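Colleague: fold the following.
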Amino acid sequence: MLLQHLYELAERRRRERDPAFVDTAFVRKPIRWIIQIDSEGRMSSPGPLDTMGENKRAMEYDKPQTGEAKNSGGRAEFLADTITGVFGLDTEPEKYLNQENARQRRAMNNKDKYEDFWRQIQQAYDSTKHSSLLALLSFNKLIGTSHPFLRWGTSKEPKANEKPTWWMKTATGSETRLGSGDYLTFEVNSRLLLLDDEVIRPYWRNLYEQLHADKDFSSQLGTCLVTGEDNVPIARTHEVKIRGIKNTGSGGTIVSFDKPAFRSYGFEKSLNAPVSTRAAKDYCNALTWLLSRKNHSLTVGELSVCFWARDTEEASDVFAQMLDHPDPKSVRDFLNAPWAGIEQTLWQHDQFYSIALSGNSGRIVVRHWMQMPIESALANFKGWFEDLHITSYGEGQTEQDSGTPLGLFRLACTSVRDKDDLQPDVLTQLYRAALERTTPPLLLLKPILYRLQVDLSKFGQGILETPLSRKTLRAISDARQPIPPAGESRFALIKLILNRNERNRKGGTPMIEPQIFETDDAAYNCGRLLAVLAEAQQKAHDYKLEGAGVAERYFGTACAAPASVFPLLIRLNRHHLNTIGKSDRYKGHERFLEASIQNILMLFRPGERNQPPGFPRVLNLQAQGRFALGFYQQQAADDAARRSARSNNNQPQLHS
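Modeller: Below you'll find the model as predicted:
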C-alpha cells in the first residue's frame, strides 16, 4: 500500500506537469568544482572555481542521471564526476597498500571509470558535433597525466598526526582541502555550464530514455504488485536512489534483494516482489520529492518524516509548521480553528498519509507508516497540543538555541544529553503520539527525569524557565555543555505521558491539569512543597545563594524517597524563615511562606500514630513524574505571582 500511494502521488504530480516527475533524466546534486576552459581546451584560471557557499554547501545543479547501474564498478557519470572519473586519480591512494590484489582491483576500477567518463564525452561529440564537447576532449589531451592544480599530501603547515589528503588550487590561487565525494564539471568560454547547454541536455534525455526502453524490452514480463498491471517489464533492481535521508550516503533503497536469505522459490533480485520499471522509478522519485520539500517533510535527529494529503495541499503546510516550529500564536490559532484555510468539502473526504524513515548504510528503514482520514489526523493533532498544554515559567517565548518548546525536536531532546544521541525509536513514538494519538510508554519518563535531575544539579533552577535564563546559559557555556531544553518542553511531555497512560487505566490518580491545582496526591504535593522550601532558602539569602540549594541538592532524593528527606528540609526551613523575619527588605514575607507550607502539609494524610504529615516512603516512576510536575507548577505559579506583584508595586506573594 505504501508504494502504491507513492506511485499515485507521482502520477498526480506528472499530470500537473511537475518538472521533478517529467524530466527524470536529470537529478539535482551539489557540484563543488567548475573547471573553466576556452575553446582550445586550455584552462582560463589557475584552478577550478569553488562553488562552496558560506553555509558550507556546494551549489546544486541539474546533472545527468546515471543511466546504468554502478554497483559493478568502472562506471562514470556524464559531464560531472569525482577526480577518479575526470582525471583517473584515486580518491584514497593509500588504501589497500598492504593488500596487493585489492590494490590492483581498485586501480583497474579507477582506470575503467576514467575511460568510461571520456568515452561518454566522445560519444556525445560524435552524435552532436558540439564545439564545447570538442573543447573538453582537447582539455583531456592537453592535461594528460599532469594535474598542476591537484596535490596529494598534508597542509603546508602540517599539524601533529595529520593524515595526507588531496588539495585543490582554486581559481583565485588559494589552496583548499578536496572532499572525497566532491564533483567536478566544465564551463567553456565563460558561458553557461555544459550541464545547462541546450544541445547537450536533449541529447542526454534521448539517450537516457532509449537506455531505459532497452532495459524494459529485455526485462522479464509479469504482474506489478504496485499498479496491478499484467505483462509489464519488471524491474530487476530499483535503481533510482532515494536521497535526503541521513546515514544513506548518496542515496538508499527501500526494496532490495541482494542476499540469498532475502530470496525465495528461485527468484532473483526484485523478482521476489515484482514491481514494474515505471512504478519502481516513480515511487522513488515521489519519496525524494517529498523529502526535498519543507511543507512535506521534517528531519528530526536521524528520523525523516514525510506526509502528504491526497487532494488538500494546505493540510501538509499545517502539519509541517505545527511539528517543527509551533509558536504560541500558531498553536492557539490551530486549537481554535484547526481546519482554517482548508476547504470543508475537501478535508471531509480527503486522506492523509505519512511515513517515518531512517537510514542504515545504503538501506532505508521504514519506521512507521500511517494512512487515515485527514479529519481524524487533524483531530489527533489538536489533541496532541491540548495534552501538551502546561503553564509557562518565565517569559514563555521561543528558546534561544533552536526550535520552540513544543516542537517535536525540542520535546525529543528532553530525553538525551545531546541532540546527536537522539534515537529514531523515541522520535517515532512521539510522532505517532502526535498524529495517531497513541500513548508513549511510561519508560520514556526515566531518561527525561534523569536529565532533569542532572541539569538541575549542574545549572540550577534556571533550566525550568522558558526561555532559559541568561545566568543559566552562561553557566552552560562556561561548562562547555550542550544547551538543554527549557522547562516547558520537559514538563509538557511529562504531563502528556502521564495523562495518556492514566486514561488507559480504570480509576487511579487524578489527571494533571495545565496549571497548579489542589489534589490529595502525595507525590504531586511533595513536589510543590520542595518548590516552596527552595523559594524560602533563596529569599533568606536575598536570591544571591552561592552553590547548590535545597532544590539542586535534594531533588533526586525527594523525588524517589520523600520520607527520607522532607523532615530534615522542614527543620532546616525554620532557620530560613527566621532569617527572612529579621531582614529589613523581606520582613513579613516569612508569614506568606509559612502559610503556603502549612496549606500544602494539610493536603497529606496523617502518618503513623497521628504524626502529620505522612510522606511516602518511595515513589514509583509515575509518581516521580507527578512530583516533578508539582515542583514545576508551584515554581511557575510563584514566579507569576512575583511578576504580578512587581507590576502592581505590591508585596510579593506566593501561590498556595
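Colleague: isn't residue 241 up against residue 254?
Modeller: No - assessed by Cβ atoms under 8 Å, residue 241 is found out of contact with residue 254, at 10.7 Å. For every residue, glycine as well, the C-beta is placed using N, CA and C.
Colleague: overlap of the contact sets of these two?
Modeller: Contact criterion Cβ atoms under 8 Å, 6 or more residues apart in numbering; residues shared by residue 241 and residue 254: residue 284.
Colleague: tally of neighbours for the closest residue to residue 580 other than its chain neighbours?
Modeller: Once flanking residues are discounted, residue 580 sits nearest to residue 590: 4.3 Å by Cβ to Cβ, 6 or more residues apart in numbering. Other residues within reach of residue 590 by the criterion other Cβ atoms under 10 Å amount to 20.
Colleague: list the buried residues in the stretch of helix or strand residue 590 belongs to.
Modeller: Residue 590 belongs to helix 589-601 when assigned by DSSP states H and E. Under the neighbour-count criterion of 16 or more other Cβ atoms under 10 Å, helix 589-601 has 589-590, 592-594, 596-597, 600 buried.
Colleague: let's have those in a markdown table, adding pLDDT.
Modeller: Rendered in a markdown table, the data for the buried residues of helix 589-601 read as follows (pLDDT from 0 to 100):
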| residue | pLDDT |
| --- | --- |
| 589 | 86 |
| 590 | 88 |
| 592 | 89 |
| 593 | 91 |
| 594 | 92 |
| 596 | 91 |
| 597 | 92 |
| 600 | 92 |
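Colleague: and which of those residues is nearest to residue 439?
Modeller: Nearest to residue 439 among those: residue 600, at 30.2 Å, using Cβ to Cβ.
Colleague: who's in contact with that closest one?
Modeller: Residues near residue 600 by Cβ under 8 Å, 6+ apart: 525, 528-529, 532, 656.
Colleague: skipping adjacent residues, who's closest to it in space?
Modeller: That would be residue 529: by Cβ to Cβ, 6+ apart, it lies 5.0 Å from residue 600.
Colleague: tell me the helix or strand right after the helix or strand harbouring the one you found.
Modeller: Here residue 529 sits within helix 522-540, counting by DSSP H and E. Counting by DSSP H and E, the next helix or strand C-terminal to helix 522-540 is helix 550-560.
Colleague: now what about that following helix, what contacts it?
Modeller: Applying Cβ under 8 Å, 6+ apart, the contact partners of helix 550-560 are 449, 453, 456-457, 460-461, 526-527, 530-531, 533-534, 537, 564-566, 569, 572, 618-619, 624, 627-628, 631.
Colleague: those residues, buried ones only, as a ChimeraX selection?
Modeller: The buried residues among the contacts of helix 550-560 can be selected in ChimeraX (16+ other Cβ under 10 Å) with this line:
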select :449,453,456,460,461,526,527,530,531,533,534,537,565,566,569,619,624,627,628,631
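Colleague: for residue 448, see how far away residue 438 is.
Modeller: 17 Å (Cβ to Cβ, to the nearest Å).
Colleague: more neighbours: the two, which one.
Modeller: Here residue 438 and residue 448 are compared on neighbour count by other Cβ under 10 Å; more neighbours surround residue 448, at 22 against 14.
Colleague: so what's the more buried one up against?
Modeller: Per Cβ under 8 Å, 6+ apart, neighbours of residue 448: 414-415, 490, 493-494.
Colleague: which SS state does it fall under?
Modeller: Secondary structure assignment for residue 448 (DSSP: H, G, I helix; E, B strand; the rest coil): helix.
Colleague: mind checking pLDDT for it?
Modeller: Among the per-residue scores, residue 448 shows a pLDDT of 96.
Colleague: from the contacts of residue 448, which two are the most distant?
Modeller: Checking the contacts of residue 448 with Cβ to Cβ, the most distant pair is 415 and 494, at 10.7 Å.
Colleague: can you list the low-confidence ranges for the stretch 451-600 of the chain?
Modeller: For the stretch 451-600 of the chain, residues meeting the criterion pLDDT under 70 lie at 506-508.
Colleague: just the strands in this protein please.
Modeller: Assigned by DSSP state E, the chain shows strands spanning 26-30, 33-37, 49-50, 60-64, 150-153, 165-169, 175-177, 184-188, 221-222, 232-233, 297-300, 303-309, 351-360, 363-373.
Colleague: setting aside sequence neighbours, what's the nearest residue to residue 390?
Modeller: The shortest distance from residue 390 to any non-neighbouring residue, by Cβ to Cβ, 6+ apart, is to residue 492 (4.7 Å).
Colleague: want to throw the buried residues of helix 589-601 into a markdown table with distance to residue 116?
Modeller: Shown next, in a markdown table, are the buried residues of helix 589-601 (distance: Cβ to Cβ, whole Å):
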| residue | distance to residue 116 |
| --- | --- |
| 589 | 82 |
| 590 | 85 |
| 592 | 82 |
| 593 | 81 |
| 594 | 85 |
| 596 | 79 |
| 597 | 81 |
| 600 | 78 |
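Colleague: and the furthest pair within the residues you listed?
Modeller: 589 and 600 (17.0 Å).
Colleague: phi and psi next, for residue 619.
Modeller: phi -120, psi 130 (degrees, to the nearest 10).
Colleague: tell me which other helices or strands the helix holding residue 529 touches.
Modeller: helix 550-560, helix 566-581, helix 589-601, helix 621-648 (3 or more Cβ pairs under 8 Å, 6 or more residues apart in numbering; DSSP states H and E).
Colleague: lowest-pLDDT helix or strand in this structure?
Modeller: helix 344-347 (a mean of 60; mean pLDDT, DSSP states H and E).
Colleague: the most centrally placed residue in the chain bridge partners, please.
Modeller: Centroid-nearest residue in the chain, with Cα atoms, centre = their mean: residue 300, separated by 1.8 Å. Legend: beta-bridge partners of residue 300 under DSSP bridges are residue 303.
Colleague: what sits against it?
Modeller: 408-409, 412, 422, 427, 431.
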